[in-house]
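Asker: Dropping the sequence and predicted coords here.
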Protein chains: 4
Amino acid sequence: MTQPDISPIAFDDDKFHEECGVIGVWNVTDAAAITALGLHALQHRGQEATGIVTHDGVRFHAHKGLGLVGDNYSDAKVMAGLPGTRAIGHNRYATTGATLLRNVQPLFADFEFGGLAVGHNGNLTNAHTLKQALVRRGCLFQSTTDSEVFVHLIAISLYATVLDRLIDALKQVTGAYSLVALTNDMLIGVRDPLGVRPLILGRINGADGANPGWVLASESCALDMVGAEFVRDIEPGEIVAIDRAGIRSLKPFAPQKPRFCVFEYIYFARPDSMMEGSSVYAARKRIGRELARESPIEADLIVPVPDSGVPAAMGFAEQSGVPFELGIIRNHYVGRTFIEPTDQIRHLGVRLKHSANRAILEGKRVVLVDDSIVRGTTSQKIVEMVRGAGAHEVHLRISSPPTTHSCFYGIDTPERGKLLAARNSVAEMAKLIGADSLAFVSMEGLYRALGRPGRDPKSPAYCDACFSGDYPIPLTDHAEPRETQLSLLAELA
Amino acid sequence: MTQPDISPIAFDDDKFHEECGVIGVWNVTDAAAITALGLHALQHRGQEATGIVTHDGVRFHAHKGLGLVGDNYSDAKVMAGLPGTRAIGHNRYATTGATLLRNVQPLFADFEFGGLAVGHNGNLTNAHTLKQALVRRGCLFQSTTDSEVFVHLIAISLYATVLDRLIDALKQVTGAYSLVALTNDMLIGVRDPLGVRPLILGRINGADGANPGWVLASESCALDMVGAEFVRDIEPGEIVAIDRAGIRSLKPFAPQKPRFCVFEYIYFARPDSMMEGSSVYAARKRIGRELARESPIEADLIVPVPDSGVPAAMGFAEQSGVPFELGIIRNHYVGRTFIEPTDQIRHLGVRLKHSANRAILEGKRVVLVDDSIVRGTTSQKIVEMVRGAGAHEVHLRISSPPTTHSCFYGIDTPERGKLLAARNSVAEMAKLIGADSLAFVSMEGLYRALGRPGRDPKSPAYCDACFSGDYPIPLTDHAEPRETQLSLLAELA
Amino acid sequence: MTQPDISPIAFDDDKFHEECGVIGVWNVTDAAAITALGLHALQHRGQEATGIVTHDGVRFHAHKGLGLVGDNYSDAKVMAGLPGTRAIGHNRYATTGATLLRNVQPLFADFEFGGLAVGHNGNLTNAHTLKQALVRRGCLFQSTTDSEVFVHLIAISLYATVLDRLIDALKQVTGAYSLVALTNDMLIGVRDPLGVRPLILGRINGADGANPGWVLASESCALDMVGAEFVRDIEPGEIVAIDRAGIRSLKPFAPQKPRFCVFEYIYFARPDSMMEGSSVYAARKRIGRELARESPIEADLIVPVPDSGVPAAMGFAEQSGVPFELGIIRNHYVGRTFIEPTDQIRHLGVRLKHSANRAILEGKRVVLVDDSIVRGTTSQKIVEMVRGAGAHEVHLRISSPPTTHSCFYGIDTPERGKLLAARNSVAEMAKLIGADSLAFVSMEGLYRALGRPGRDPKSPAYCDACFSGDYPIPLTDHAEPRETQLSLLAELA
Amino acid sequence: MTQPDISPIAFDDDKFHEECGVIGVWNVTDAAAITALGLHALQHRGQEATGIVTHDGVRFHAHKGLGLVGDNYSDAKVMAGLPGTRAIGHNRYATTGATLLRNVQPLFADFEFGGLAVGHNGNLTNAHTLKQALVRRGCLFQSTTDSEVFVHLIAISLYATVLDRLIDALKQVTGAYSLVALTNDMLIGVRDPLGVRPLILGRINGADGANPGWVLASESCALDMVGAEFVRDIEPGEIVAIDRAGIRSLKPFAPQKPRFCVFEYIYFARPDSMMEGSSVYAARKRIGRELARESPIEADLIVPVPDSGVPAAMGFAEQSGVPFELGIIRNHYVGRTFIEPTDQIRHLGVRLKHSANRAILEGKRVVLVDDSIVRGTTSQKIVEMVRGAGAHEVHLRISSPPTTHSCFYGIDTPERGKLLAARNSVAEMAKLIGADSLAFVSMEGLYRALGRPGRDPKSPAYCDACFSGDYPIPLTDHAEPRETQLSLLAELA
C-alpha cells in the first residue's frame, strides 16, 4: 500500500491534462477574431500559451504569447496585425515547468514552395528517434516540440507539392495527433490513422459571399462559439485539404479500426461538445447512472466534486433517487500559485479551489462523485474536508475505471509509479484516501454508457490504455532511454 | 418600453457588485498568511485590488497590489515582509475604471497616539458633505475613498483614546459599513447601526498558546478557509475591541431595528456562508421553491444560468418536479477584456462566459432560472442563445423581485435610469428580453423564503431598497449634486 | 588614519548628489512638452523619478513615474493627457534605497480655494519638528517628503489667499529650498531667504500671442534647451507670482546676506549653466588655474577624471603648461547595478565607469584632476588603475577644499564619519588613496576663482558648510534624534 | 544640391554604427562574469541585445536579453545559471526596428557531434544566395541573421570534425566577419581572410592553475576591463582553436593582402583600444593634426562635437595653436526616444544630446571638429545651435574623408542616396549645413596619420570603401534584388 503523493502546491488539481487544442478557418471574415473566439472555447485544452497565424492572400502574419487567449488578443493593435480570411490557431498545455515562447505553436517555416504554419494536438511516439536521424542529416532543431519533426520531414521530402510532402512526412511518424496547417493557398486538417485525438469540421458564412467558409477544430464547442454549423468529424486517417477549388478528402493510410480516446468523454472534452455524434454531457450522466447501478450505497446526499464531477453526480443521483446537493463550492478565483505554505498552513489542509458547504454536509451520509483519481492527493484532501464539515460517512464514486497506466498519446499524465491505482488495490486506495467506501465504474459499464455492447478485448472500440495498458500505437521512443545530448537545447531560452 | 442597454463589453455580467470584503486577525501564527487565505475566500466580494497590514508588536508592515489575492501574496519575499500575529486585510471592488493604487485599502495613517490601519466595506452616505467640511478645516485628502473620511475624523477628534476617537468619528458618519481597524495594540471591528453590511466573529488557535486567536470577517466562508470556528455575527451598531486583555463589546449607538442587506442572500454572499445563522445556499434553494410555487410553468427542463442561478434552479426543479439540467455551460477562463468586437463579431451575439449545451436544449421547453436582472443585457443574450440552440420555449424565472432602485450602501449598481425594471413593466421586460414568459419572486415570497412571516411595510426586516425604494439611511450626499472641485484629485495617479 | 570605505557597488561614483531639479512654465504652447524638455536639461539634478502637473485653465492633470525624463514622456498618450499652457515639473534624486511613487513630486492637494501642486528642491531643517506638531493637530501625512510639510502648513493657514497662506507657511519653515507651485490661476516661484539653492527666470514666446511666456527653472541650461531667454536669477527670499495680470515680485522676509551654495560651482550645476551671472564652466577652469598655482608639480600629463574633472584639468593644464590628455576614458553605458562581484571579480578592482588609456599613460608622470573626494573609494581605485596602466607617478589634484562636513541643505552626502577628509590629514589621505602627492584648492583660492576678494570668515559670500562646518541655517531637526514613531509610515509602499 | 534628410527622431546621432562585438574565454574562473565584463567594455559596438553561452564541461548554458549588458547580468540568479570556465558572448546592434529575441546571438544548435554556439561580428555578402540554396535543400531557418547560414553550412558538411566542418563552411561564405564559437570541448576564433573586422587575443590567469586562460575579443579594451594581457591581433584569415591541448593556429585560406576597416580608427573603436599595435586615441589625434595642416582657418576656439570628435579636436588645436574649449556639452542622460515632437517643438531645433555652452561661444570664431558626416542632419543642427549661442563664425572640420558609399561589411550605414557626400560637393554641403567653411581630411592625410606612406590605389592598406567605393569583397547578394519569399519569416515574432 503506497501513500498518495501529497503535493504542496495548493492549486494542484490532480487531473490528467489535455495537451492542446487546434482550430483552422478558411474564407472567413475577421479570420483572426473568429480563430481567437474558437480558441477561447477550446481554452480548457491548454492554458499556458496561444498562437494564431493568418494569411492575407499574400503574406503570413503571426502572434504568439504565453497565457490565456483573452489576455493575448484583447489588444486592437494585435488583431490589426493579423489580417486575412484564413488562419490557424493553437492553445498549448506545456508539460514542462517553463514554457518557452519558441515552443509556442503554430510553428512556421519558409520552404522552397512558400511558407507553412502548423498547429498540432497530440504526441508522436517516434519523435525522438526521428529527431536523432534528422540531426544526423544536418537538420537544426529550434524547439523541443514534436511538431518540429513534422516540419523538418516536410522540408526534406523530395516530393513536389505540399500535400505530397505532408503525406510523405505523416507516413514516417507514429503517434496520436490532430493537426491543422496553413500554406500560401491551402488549409489542411489531419487526424491520425486511429483517430485517437479529435478533429471536427464545420461550415460558416463565407467571406467572399460565393463560397462557404470552413472551420476545423478540436471540439464542436468551438463551432457553437463562432456561429458555425457542425458538418462532421474528420475521420481517422483522413486529410482534409481546403483551397479555392473547394474541399477535398484524402485517405492515404491503410484503414484501421478507430480507437478514439475514451478519456475525452470522461474528462477532457467540454460537456457541450459532441463527439462521434454524441453529447459529452449526456454520456457523462449515463456513466454516472452505470456507476450508481454497479456500486449503489445508502446515503443522504449525492455531492459532486465540482465542476468536472457534476454531470456524473447528476446521473448517479437520478439513478439512485438520493438528493443531489452542492455540498462542495468551487472557488472561481484561482491562479497558478499562492502563498508558500508554512507548516502551520499546510496543517490546515487548505483547499483553495474547493470549500465545504458545511450547512449541507453536517451529520449526513455523503456520496462524493468525481471523474477520476490520479495521484489521489486531491481526493484525500476533499474527503478530509467533507468529513471535517461534519459528514458522518463519506463514500467516493469515480466515473472512470482506475487509471493504472500513463498516456503517451498527447495527454499529460504522471509517470506510472505516481498513479495511485497502479500501486494499490481499490480497498487500499479507499483506506489511503480515507473514504468509507470507494468504487470505480467498470470498463464494461463505461463502454455500455457510451452505447457499445461492451469492450471487445481483442479490438476495443476506444483507446483505453490508461485503464487497460493496451497501447494501440507502438511506443517507439519509450523503448529506449531518452538520450541527453539533444536535450541540451532545452536549456536555452 | 425601453430597450436594454446592450453593452459591447463581452465579459459584462450585468450584476450588482459587492464593493468589498474585510478580515482581521488577532493572536494568530502567520497572521499575514491566514489573512491572505481569508481574503482568498472573500475574493468574490472584490477582485480589483487587495491589501494587508500587519503589526509585529513593534511596527506596522503593509503590502498592497492590484489584482487577485493569489497573485499578490504568492511571493515568499512579500510574505516575509509581513511579520506579526495581528493583521487586517481588504479586497476591493472599484467602481471607477482605473483603480488607483493609493485608493487600495487598508488605509494607514500616523497619529499622535501611533499608527492606525483601516479596512472598510460599505459606503458613507454623507462622505462628500463631511469631506467638504474637513477640507475647509485644512485636511488634505490623498485618496478618493470614503474610508479616508473616517481617518481624518479620527485624526482631528479631541478625545484621547483610539476607541473614543473612533466612536466620535462614527457618530458623525451615516451609511452602511463594516470596518476592521488595527492599532499598535488593538484589533477593532465595527458594524453599522442598522447592520446593513455583514461582519462575523470566529475563534482560532492562539499564537501564544494561552489565549485564543480571533478572526473578524465579512463572511463565515473565510473562517472555514482558515480553520476557525464560527462564534457569532457582530451585532448591528456593535464595536468589538480585541487586545491583550481579551475581547470587549461596545454599543455606543442608540439601538435600532436591524436592516440587513437582503441582496447578500440573493447574490452577493458565497453559498457556503452562514448569515444570521442561516445557510445562504439553503436560502437560495428556498427562494427557488417559492418562485416555482408563485410562477409555475409547464416545461421539459429547468436550466440554471450558472453559477449564481444554480441553487435557486435546484429549488425550482425540486418544487416543480421538472428535471434539472445543465443546459448552459460556464466558461471558467474569462478575463477582463477580449477582442474588440467588429460588427461581424458583434452580430454573432457571442457569449464568452456561457455556452448553450445544444444537445440538451434542442426541441425542449426550457425554464431558465437566474438571480436578478439589472440592465437586461445578459438576459437578452442568454435567451437568444438558448433559443438559437433549438429550445422551443424559453421561460425566465428570477429569484429576486425586480431591481427598480440603485443602492447607495456599498453596492455598485447602475444609475436608476439604466435599471430595466425601473422603466418597464414585467410584460415589457419579457418582450424586450425575448422570453416566452418572465416572472420574479414576490417580495412576500422572498421574505417567506428567509423565514419571515412577510414584509412589514412600516419596518421591514431587511434593507430591500433596491426592490422597494425604501432607503433606511439618509442619502445626504445624494441630495445635492456632486461638486467638481474636489474630484480634481481623482485625475492624479 | 582611517581606511576609505571601499564600496562593493561597482557603479558607485563617490560624489555628493544634488537632490532635485524644478521647472515651471506659464503661458506656453505645449507646456507639458516644454516642461519635459526642461526637465531633461535638468536631469543631472535627479534621475530617480520625475513628475509633471499641468493646468488647462479648468483642471489639473498629472503624470509621475520612476526613472529618467525621456523614459516617462515618450508616450504620445501620456503627453496628450497633460494639456494646458501652464505646468510645473520635478526631477527627484532619492536618498533612500526604494523610491516610493507617492513621494514623487510635484505633490498635489485639494484645498478650499482649489488645487495646488508643489515641486521642491532643497531641504527643510525643521521639517521633522513641524511634522510632529502637525500630526498632533490631526494632519495626516501621506508621503515622507519635506515638501508635504509645506502643503499642510498652507492647508491649515488662516489666511485667505494662496499667496498669503504660502507666505504664512514659508515663515514657519527653515531650510534651503527653491520651489515652484501651480494653482488654478497662478504660477509661483520661491527661493529661500539665503538663496542657497538656485532658481532662475526666463522669458519665452507666449501661447496667447499677446503676453510673454515665463519659465522658472533650477538652472539656465533648461532655458537654452527650450529656447527661452535668460532674464535673471530669482533673488534670495524672493517670491515671484505669475498670473493673467503679469509677473509680481514679493519679498516677505527680512533681507539677509545671501549664501549661495558654492558646490553648485564645483560639481552640481551643468557647465553650460550661468549662476550669479557667471559661466559655471569658466569658473571651473579658473579653479583649476588656482589649483595649479597653489600646488604645482612636475609632470608629463594632466589627465582629468571624466567628465566632472575636465574643465578644472583644462585650467590646470593651461596654467601649468603641461599637456592635457584623455588618459581615462569614460564608459557611457552604465546602469544602476551590474553583476554581483565574486571575490575573483572584486580582486580585479574593476572600474565599470572608467578605463585607463594605457597607450597614453604608460611610463608617464601623471597629474589626475578631480573635483572632490568624498569617501575616497573612487579616487583609490582610479589611482590604482592609472598606476596599473603603467604611469610612473600619479599625483592627485582636487578642485575643491576637503569635504569635512555633511550637508543638510538639500544635498545627499554621507554622514560625517564616512567623509575621508573628516578623519584624515591630507598626507594620510594621499597615503590611503595611494597617490604620490595630493592637494586640494584652498578656500581662499576657491573664493578668488569665483571673483571674490577672499573668504570673509564672519560673513562668507557662499554657503561652504561642507568645507568649513559653518552652517548658515539652524539645524533644528538635527539637534534631536529622529523619532521612530512617524517613520512607520515609510514602511508602507 | 540635395537637402540633408532632417530626421524627426530627436536622439538620432547620424553616425555609422558598428554591428556587433564578440568575446570568448577559455579556462577562466567565473567565465560568465568575465564575459559580461568584457561585453560591457564592448558595449559601444552594440546596445540592443546581448547573450552569453557557457559550457561547464558537461552542458551548455545560455542567457540572452534585449538591452544593455549591465541590465541583463545584474541578477545573481542569471549568473548562477551560467556556470563553467568557458564562454562566448555577443553584443548586438540591430539594423531593423524591432529586435527579435530569437535573432540575439550567440546562436546555438545541436549537431551529431554535440552542441555549437556561435557569435558573429560582421556581414556575409553572399548570405542570401546561400540561404536560398539551403532552403531548397530542406534547411529550416529560424532567425533572420547571417550567422545562421554558418550554422547550417556546418550542420550539413560531410566532414567529421567541428574544425573541418567550420573550414568547409567558411570556404563557402564571402564577407567580413570575426567570429567566436564554443563547442563541447573547444573555443574557436576566426577572422575573415581580409581581416576587415577586428579580433584580438589575450592571456589571463587560468582557472585550473596549471594552464593559462585565454580571451578572444573584438577590441583590446575588453582585455583591460578583465585584467587580461594583450597577446596579439588574430591575423586575417586565421582560425585559432583552443582546447585542453593548448592553442593552435590554422590558416586554411590562400593569403591575401589585409584590408582592415579604416573606420574603426575614425569612429568605431574605443579610444583606449589598440589596433594593429597602435593606440586608437593617438591615431585620432594625429588625424586631427593632419586636418589642421590641410585645412587651417583663423579662429578663436577649437570646439569638439563630443564625445567622438574630442581627440581629433585636441590634435587640431595642438597643431593650430588655437585654444581648445568645451563649447558643446554632451547630455549623458539620453534614451532611445523622447516626446513626439509637435511642430512647435520641432521648430525649436532641440538638441537632446548636445547643448551649446553659450558663455564660451558668444562672439567667437569657432572651429567645430567632428569625426564624420553621414546624412548631415546632426551637423546642420549643431552648427545652427552654435550660431544661435552667439558664435560669429562656425567652421566645420571633419576627421574623415567624405562618406560617399555604403558599407556592406558589417556596418550599419544608410543607403547611398541618403549619404550627404554622395549627392553634394563639399561647397554644397557647407551651404546645406550652414557652416562658414567645411573641410574633410584627405584620403592621403588619413593614411599618413595612420603611419602609411599614402594610399596605394591598386592595393590600399585598408578597407576604405565608404570613402572610395573600392569594395575588396564581392557584393554577391547586392547584385540581385532581395527576394521577398524568405523574408516572410521576419514577420513572425
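Answerer: That came through fine.

Asker: any idea how far chain B is from A:Met225?
Answerer: 7 Å (CB to the nearest CB, to the nearest Å). Using the backbone N, CA and C atoms, a C-beta is placed for each residue, glycine as well.

Asker: Need the pLDDT of that residue.
Answerer: Confidence at A:Met225, expressed as pLDDT, is 92.

Asker: what's the spacing between it and A:Arg365?
Answerer: Between A:Met225 and A:Arg365 the computed distance is 41 Å (CB to CB, to the nearest Å).

Asker: More neighbours: the two, which one.
Answerer: Taking neighbours as other CB atoms under 10 Å in any protein chain shown, A:Met225 and A:Arg365 compare with A:Met225 leading, 24 against 16.

Asker: From A:Ala282, how far out is the more buried one?
Answerer: Separation of A:Met225 from A:Ala282 (CB to CB): 20 Å.

Asker: Kindly report the same for A:Cys463.
Answerer: 21 Å.

Asker: These two: which is more packed in?
Answerer: A:Cys463 (26 against 18).

Asker: beta partners of that one?
Answerer: Beta-bridge pairing for A:Cys463 (DSSP bridges): A:Cys261.

Asker: ok, it to chain B distance?
Answerer: 23 Å.

Asker: For that residue, give me its contacts.
Answerer: A:176, A:194, A:196, A:259-262, A:409, A:472 (CB atoms under 8 Å, 6 or more residues apart in numbering or on different chains).

Asker: Could you rerun that using 6 Å?
Answerer: A:196, A:259, A:261, A:472 (CB atoms under 6 Å, 6 or more residues apart in numbering or on different chains).

Asker: Test my guess that the last one contacts A:Lys257.
Answerer: When you say that, I think you mean A:Pro472. No - the criterion here is CB atoms under 6 Å, and A:Pro472 misses it with A:Lys257 at 8.9 Å.

Asker: Report the rounded mean pLDDT for stretch A:253-270.
Answerer: 95.

Asker: what distance separates the start and the end of it?
Answerer: 30 Å (CA to CA, to the nearest Å).

Asker: Please export the C-alpha coordinates of stretch A:19-35 as PDB.
Answerer: Below are the C-alpha coordinates for stretch A:19-35, written out as PDB (Å, rounded to 0.1, in the frame of the first residue of the first chain):
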ATOM      1  CA  GLU A  19      -2.100  18.800 -24.200                       C
ATOM      2  CA  CYS A  20      -3.600  21.100 -26.800                       C
ATOM      3  CA  GLY A  21      -6.400  22.500 -28.900                       C
ATOM      4  CA  VAL A  22      -6.300  23.500 -32.500                       C
ATOM      5  CA  ILE A  23      -8.500  25.400 -34.900                       C
ATOM      6  CA  GLY A  24      -8.300  26.400 -38.600                       C
ATOM      7  CA  VAL A  25     -10.600  28.700 -40.600                       C
ATOM      8  CA  TRP A  26     -10.900  29.300 -44.400                       C
ATOM      9  CA  ASN A  27     -12.700  32.000 -46.200                       C
ATOM     10  CA  VAL A  28     -13.900  33.800 -43.100                       C
ATOM     11  CA  THR A  29     -14.300  37.500 -42.400                       C
ATOM     12  CA  ASP A  30     -12.100  38.600 -39.500                       C
ATOM     13  CA  ALA A  31     -10.400  35.200 -39.500                       C
ATOM     14  CA  ALA A  32      -8.100  36.100 -36.600                       C
ATOM     15  CA  ALA A  33     -11.000  37.200 -34.400                       C
ATOM     16  CA  ILE A  34     -13.000  34.100 -35.300                       C
ATOM     17  CA  THR A  35      -9.900  32.000 -34.500                       C
END
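
Asker: residue ranges for the strands of the stretch 1-150 of chain A, please.
Answerer: A:17-18, A:20-26, A:49-55, A:60-66, A:86-92, A:107-111, A:114-124 (DSSP state E, counting those that start in this stretch).

Asker: got these as a markdown table, with distance to A:Val310 and mean neighbour count columns?
Answerer: Listed next are these as a markdown table, based on distance: least, CB to CB, whole Å; neighbours: other CB atoms under 10 Å in any protein chain shown:
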| stretch | distance to A:Val310 | mean neighbour count |
| --- | --- | --- |
| strand A:17-18 | 18 | 22 |
| strand A:20-26 | 22 | 31 |
| strand A:49-55 | 27 | 28 |
| strand A:60-66 | 30 | 20 |
| strand A:86-92 | 23 | 31 |
| strand A:107-111 | 37 | 23 |
| strand A:114-124 | 25 | 25 |
